[in-house]
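>>> A structural model of the following input is requested.
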Amino acid sequence: MKHALNSLLNYTWPKHAGGVTWNQHTIAGAEPYKELSDKLSIEELLTDLFDTLNFSQFSILYNWANECSLEIDWNKLCQHYNLRWSEILKETIQAYLETPIEFQNWCFNKKLSARDLAPLLILENKDNTVLKLFSTLTPSKSEGTQLLDLICDLVSMGVKNLFPETEDTKKWFKKLYKLRHPQSTATDSQFSDKITAWPWPKDFNTDWKRTGDKSFIDISFKVENQNDFDKKLSQLNYVKDWANTNSPTWDQPKDNQ
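Here you go, the predicted structure:
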């Protein structure tokens, strides 16, 4: 007999509780089984036993149902799990199920949504080796979705050598971003050089950073008391006045100056 559905979904079932079947398909637990196809519809049983499912679990459920040749009202089931049944959702599920198991495990643990995984739809080959790295580098959900977006774009563009040089996910993101946006990277380098040359006080930490489509000066400093706070603000005003005098067009790329 195949694995119980609750096991595939990583849904805990009480050890001493009997199992549940529907039309002889094992839904949860182990022997002795209780057959419930004469009491509940398959949709009612699934939503009763598995009240919440993330996208990965829903995809596993979809795959299991197809393997069992079960006819399910997916519109009804999706409503319960706050999803909207559509061709796009179906394609996203199928794309996800074609990815390496290592990547699927990472998605499962991070609870990625269908929207997070939409970039997969542009890939011809979903079983891409680079996706296996998500399980070993373990980026956060936020980092991972940004990495996935870049990887899918670059693969569809035919760009090679997407593997990281280190296990640092931030450095990997910078490499992929540079490959995807070479002009923006060059512009960021110009800005970074400008900002570094400004007369910052020694106890100010400054850097030129980029988050998605936005870039900015990141300034941090510590304040011990009100007098120290006033001093820091005065120093910051000095840097502002210096920049206005010596680098009035600092926020424009060199090509535009």
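
>>> If you rank every helix and strand of this protein by mean pLDDT, what lands last?
None of the helices or strands of the chain scores lower by mean pLDDT, DSSP states H and E than helix 182-196, at a mean of 72.

>>> how far is whatever helix or strand comes next after that helix from where the chain is centred?
Later in the chain than helix 182-196, the nearest helix or strand by DSSP states H and E is strand 205-211. Remark: strand 205-211 is offset 23 Å from the chain centroid, using CA atoms, centre = their mean, to the nearest Å.

>>> In its sheet, which strands sit next to strand 205-211, and in what direction?
Applying DSSP bridges to the sheet, strand 205-211 is found paired with strand 214-220 (antiparallel).

>>> Mind listing what's buried along whatever helix or strand comes next after the strand it pairs with?
Downstream of strand 214-220, the first helix or strand assigned by DSSP H and E is helix 226-246. For helix 226-246, burial by neighbour count (16 or more other CB atoms under 10 Å) applies to 232, 235, 239, 243. In this view, the C-beta of every residue, glycine as well, is placed from N, C-alpha and C.

>>> what's the answer for stretch 67-84, then?
68, 72, 74, 77, 80-81, 83.

>>> How about stretch 150-166?
Buried residues in stretch 150-166 (16+ other CB under 10 Å): 150-155, 162, 164.

>>> So which of the residues you listed sit within helices?
Within the buried residues of stretch 150-166, residues falling in helices by DSSP state H are 150-155.

>>> Below-threshold pLDDT in this protein: ranges please.
1, 183-187, 189, 211-213, 252-257 (pLDDT under 70).

>>> Which parts of it belong to which domain?
Domain assignment for the chain by automatic domain parsing gives 1-85, 184-256.

>>> In which helix or strand does Leu179 reside?
Assigned by DSSP H and E, Leu179 falls in helix 169-180.

>>> how far away is Leu117 from Ala197?
43 Å (CB to CB, to the nearest Å).

>>> Which of the two has more residues huddled nearby?
The residue with more neighbours, out of Leu117 and Ala197, is Leu117; 22 against 11, by other CB atoms under 10 Å.

>>> Pretty sure the more buried one sits against Leu97.
No: the pair Leu117 / Leu97 is not scored as a contact, 10.7 Å apart, by CB atoms under 8 Å.

>>> count of neighbours near Asp193?
Other residues close to Asp193 by other CB under 10 Å number 11.

>>> what's near enough to touch the residue nearest to Thr99 when sequence neighbours are not counted?
Excluding the flanking residues, the one nearest Thr99 by CB to CB, 6 or more residues apart in numbering is Lys126, at 5.0 Å. For Lys126, the contact set (CB atoms under 8 Å, 6 or more residues apart in numbering) comprises 95-96, 98-99, 120.

>>> among these, which are in helices?
95-96.

>>> closest to Lys202 among the contacts of Lys126?
Leu120 (47.6 Å; CB to CB).

>>> Pull the number of nearby residues for the closest one.
21.

>>> Let me know how buried the residue found closest to it once you drop the neighbours it is linked to in the chain is, in neighbour terms.
Take Leu120 and drop its neighbours on the chain: the residue closest to it by CB to CB, 6+ apart is Ala95, 4.1 Å away. By the criterion of other CB under 10 Å, Ala95 has 18 neighbours.

>>> hmm, back to that, rebuild the buried residues of helix 226-246 as JSON lines, extending it with distance to Trp64.
Formatted as JSON lines, those follow (distance: CB to CB, whole Å):
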{"residue": "Lys232", "distance to Trp64": "60"}
{"residue": "Gln235", "distance to Trp64": "63"}
{"residue": "Val239", "distance to Trp64": "61"}
{"residue": "Ala243", "distance to Trp64": "61"}
